[in-house]
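Q: When you get a sec, could you give me coordinates for this:
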Amino acid sequence: MQNIEITKIKNSRGAANTYVVKCNGKAVVIDAACSVKELKNALNGVQLAGVIITHGHFDHILTLDEILKAFPDIYCYLHKYAIDKLRDPIQNGSEPTVKQALIIQTDASRFKTVDEGDALELFDEKILILETPGHTNCSICIKIGGNIFAGDTLFAGGYYGRTDLPTGSAAQMRQSLRRLKKDFAGLPFYSGHGEEGII
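A: Model (predicted):
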């Protein structure tokens with residue numbers, strides 16, 4: 001297993017956690033809720049290889065345009081059902097939640113969709129994509145080494161994401177949580193909000 005370093009950037013405006021995951025001189029960002037300055041400080045000169053979005057809610061894509069503009073050679077990876085949410089302030093929750101529409105402006109050519117079982121090779125450790133619908137129909141978890149990045153699927157203390165928002169499903173959430181507990185019990189997980197935990 002490769003040497004993996006994880007840095008969490010807490011957003012001061014109450015948005016999602018952003019994670020910078022480094023491995024052998026390269027890094028990926030999980031969720032885009034921090035400023036470009038904060039991201040560059042966390043990278044500390046390490047090459048950014050890509051951005052992965054756990055789902056299409058506004059608080060997880062808050063600074064996606066700025067980050068992709070600052071790093072013009074990288075792509076953003078996300079579930080196919082998240083694509084439409086990028087430009088739909090109702091579906092991404094920005095308009096009903098904060099009464100301000102967030103519409104991602106970055107060109108579609110900068111986005112690549114991921115599906116269950118995909119293994120991204122952005123740095124030396126494979127990045128495994130796990131479809132975990134429930135909070136949204138585009139929710140994914142990301143396995144890097146022995147770590148799970150859970151987005152809003154799972155939170156510390158045994159809590160889990162809301163299922164009453166557009167495309168949410170309590171039945172799918174139960175299935176996703178059962179899967180995580182069955183297949184990844186004992187692994188540390190990093191949530192979209194709050195602190196880390198153990199599955």
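Q: Which stretches in this protein count as helices?
A: 36-43, 64-70, 83-86, 94-98, 170-183 (DSSP state H).
Q: With respect to burial, which of those helices scores highest?
A: helix 83-86 (a mean of 20; mean count of other C-beta atoms under 10 Å). In short, each C-beta sits where N, CA and C put it, glycine included.
Q: What lies in contact with it?
A: Outside helix 83-86, the residues within contact range by C-beta atoms under 8 Å, 6 or more residues apart in numbering are 55-57, 61, 64, 91-92, 103-104, 108, 111, 113, 136, 138.
Q: for those, which one is nearest Glu196?
A: His55 (18.6 Å; C-beta to C-beta).
Q: Next one: that closest one from Val114, what distance?
A: Per C-beta to C-beta, to the nearest Å, His55 is found 12 Å from Val114.
Q: So which residue is smack in the middle of the protein?
A: By C-alpha atoms, centre = their mean, the chain has its centre lying nearest to Thr54, at 2.9 Å.
Q: Could you give the separation of the lowest-mean-pLDDT helix or strand in the chain from the chain centroid?
A: When each helix and strand of the chain is scored by mean pLDDT, DSSP states H and E, helix 94-98 comes last, with a mean of 87. In terms of C-alpha atoms, centre = their mean, to the nearest Å, the centre of helix 94-98 is found 19 Å from the chain centre.
Q: what number of residues lie near the nearest residue to Gly145 once chain neighbours are set aside?
A: The shortest distance from Gly145 to any non-neighbouring residue, by C-beta to C-beta, 6 or more residues apart in numbering, is to Ile4 (4.8 Å). Residues contacting Ile4 under the criterion other C-beta atoms under 10 Å number 16.
Q: pretty sure Ile4 contacts Ile127?
A: No: using C-beta atoms under 8 Å, Ile4 is not in contact with Ile127; the gap is 10.8 Å.
Q: intersection of neighbour lists for those two?
A: By C-beta under 8 Å, 6+ apart, the residues touching both Ile4 and Ile127 are Ile144.
Q: Now the terminal residues of stretch 47-61, how far apart.
A: 21 Å (C-alpha to C-alpha, to the nearest Å).
Q: can you give me the mean pLDDT across it?
A: Averaging pLDDT along stretch 47-61 gives 97.
Q: just stretch 65-74 next, same as before
A: 98.
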